[in-house]
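1. Quick one, structure for this:
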Amino acid sequence: MTYKHLFGPVPSRRLGVSLGIDLVPYKTCTLNCVYCECGRTTNLTVDRKEYVPLAEILAELDDYLKKSPELDYITFSGSGEPTLHTGVGEIIRFLKEGYPSYRVAVLTNGTLFYDKGIREEVKNADLIIPSLDAASEEAFGMVNRPHGSLSIDVIIKGLAELRKEFSGDIWLEVFIVPGMNDSDAELQLLKKAIGEIRPDRVQVNTLDRPGTESWVMPAKKAELDRIALLLSGEVIANFESRKRAKSFSKDIEEDIISTLGRRPCTAKDLSAILGLHLNEVNKYLQTLLESGGVYSEEEARGTFFRLK
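-> Below you'll find the predicted structure:
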């Protein structure tokens, strides 16, 4: 079977061997974050619907999982916000009833948990990793560029309600964009919000590959350490290389190097040429950026990657 909605397994530093499920078309999201590795949001929306056929997703999962692959997680992620798909709850039920040995993770921007129905849909997942990059409307608007109907106060309350109702783990990710959400005042507001949400972990992150806007720069390690200490969190930007993940494929890395050896490409170019999901391509590009094997340059059509 050819998989249209599954990708990977990808080498995830947090989740190990992670099979991805992409539930929405590129790039459908409630936010248009300045740092997003998938690029600018082209469908900024809060409308929930069956963006891709539920039956196709279940058939792909059944075909893949009946072979009993070795996985650490099955992960809702991809090129947009997964909770926009109305079938999230049905997919989780399918996995838990048919393949209960696999852990299920939901990577989400956390914007829709003010809706009790959505909180109910994800209640049987094992792990939820929501984002919270700001606790003021000003910083929220600058960093995340949300759909006009969203309010950061309502989002924080939704995450707090999720914590009360969800028995699994919640790892809250805070993405630092220097000059936008790292002021003392903003960090104190984030600390207060985190106290209300009470996640199991707080994970502080920053840019490790080109984002949507070329002017976004990574925070320095010392600053991340300071922020993590203030927020009682950990710096996930310092995790070991993805090359140590069991799912890391040397063949995929070599295919990317070979393609870039012929001509410079964007991540989307590589995705189309190699038949890989954009998220998967981005993770391998990051290992090559870390090792110095490639470098990136901004051009009119986007960020191009070249061999050194």
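
2. contacts and neighbour counts: CA atoms only from here.
-> Noted.

3. roughly how far apart are residue 136 and residue 35?
-> 18 Å (C-alpha to C-alpha, to the nearest Å).

4. let me fix that: residue 88
-> From residue 88 across to residue 35, the span is 25 Å (C-alpha to C-alpha).

5. again with residue 220
-> Look at residue 220 and residue 35: by C-alpha to C-alpha, they are 16 Å apart.

6. now residue 114
-> Per C-alpha to C-alpha, residue 114 is found 24 Å from residue 35.

7. ok, those two, which is more surrounded?
-> residue 35 (26 against 19; other C-alpha atoms under 10 Å).

8. Identify the spatial nearest neighbour of residue 151, chain neighbours not counted.
-> Spatial nearest neighbour of residue 151, excluding adjacent residues (C-alpha to C-alpha, 6 or more residues apart in numbering): residue 137 at 7.1 Å.

9. wait, isn't that neighbour in contact with residue 155?
-> No: if you go by C-alpha atoms under 8 Å, residue 137 and residue 155 don't touch, sitting 10.9 Å apart.

10. Compare the two (neighbour count), which wins?
-> Between residue 137 and residue 155, residue 155 has the larger neighbour count (other C-alpha under 10 Å), namely 20 against 12.

11. who are the neighbours of the helix or strand harbouring the more buried one, in terms of helices and strands?
-> Using DSSP states H and E, the element containing residue 155 is helix 152-165. Contacts defined by 3 or more C-alpha pairs under 8 Å, 6 or more residues apart in numbering; DSSP states H and E place helix 152-165 against helix 184-197.

12. Pop the domain breakdown of this protein in here.
-> Following the assignment in automatic domain parsing, the chain carries domains at 6-242, 249-308.

13. Just the buried residues of stretch 83-101, please?
-> Of all the residues in stretch 83-101, those buried under the rule 16 or more other C-alpha atoms under 10 Å are 83, 84, 85, 86, 87, 88, 89, 91, 92, 93, 95, 96.

14. I'd like to know how far residue 191 sits from residue 202.
-> 10 Å.

15. Give the residue from the two that has the larger number of neighbours.
-> The neighbour count for residue 191 versus residue 202, taken as other C-alpha under 10 Å, is higher for residue 202 (23 against 17).

16. OK, contacts around residue 64?
-> By C-alpha atoms under 8 Å, 6 or more residues apart in numbering, the contact set of residue 64 is empty.

17. can you tell me the helix or strand for it?
-> Judged by DSSP H and E, residue 64 forms part of helix 54-65.

18. before we move on, the earlier item: residues in contact with the helix holding residue 155: which ones?
-> Under the contact criterion C-alpha under 8 Å, 6+ apart, helix 152-165 has outside partners 110-115, 119, 123, 134-137, 140, 170, 193, 196-199.

19. Let's see that with 10 Å instead.
-> Outside helix 152-165, the residues that touch it by C-alpha atoms under 10 Å, 6 or more residues apart in numbering are 109-116, 118-120, 122-123, 128, 130-132, 134-141, 146, 169-170, 172, 190, 193-200.

20. Drop anything exposed from those residues.
-> Among the contacts of helix 152-165, those classed as buried by 16+ other C-alpha under 10 Å are 109-114, 118-119, 122-123, 128, 130-132, 134-136, 139-141, 146, 169-170, 172, 190, 193-194, 197-199.

21. List the contacts of the residue nearest to residue 151.
-> The contact partners of residue 137, taken as C-alpha under 10 Å, 6+ apart, are 150, 151, 152, 153.
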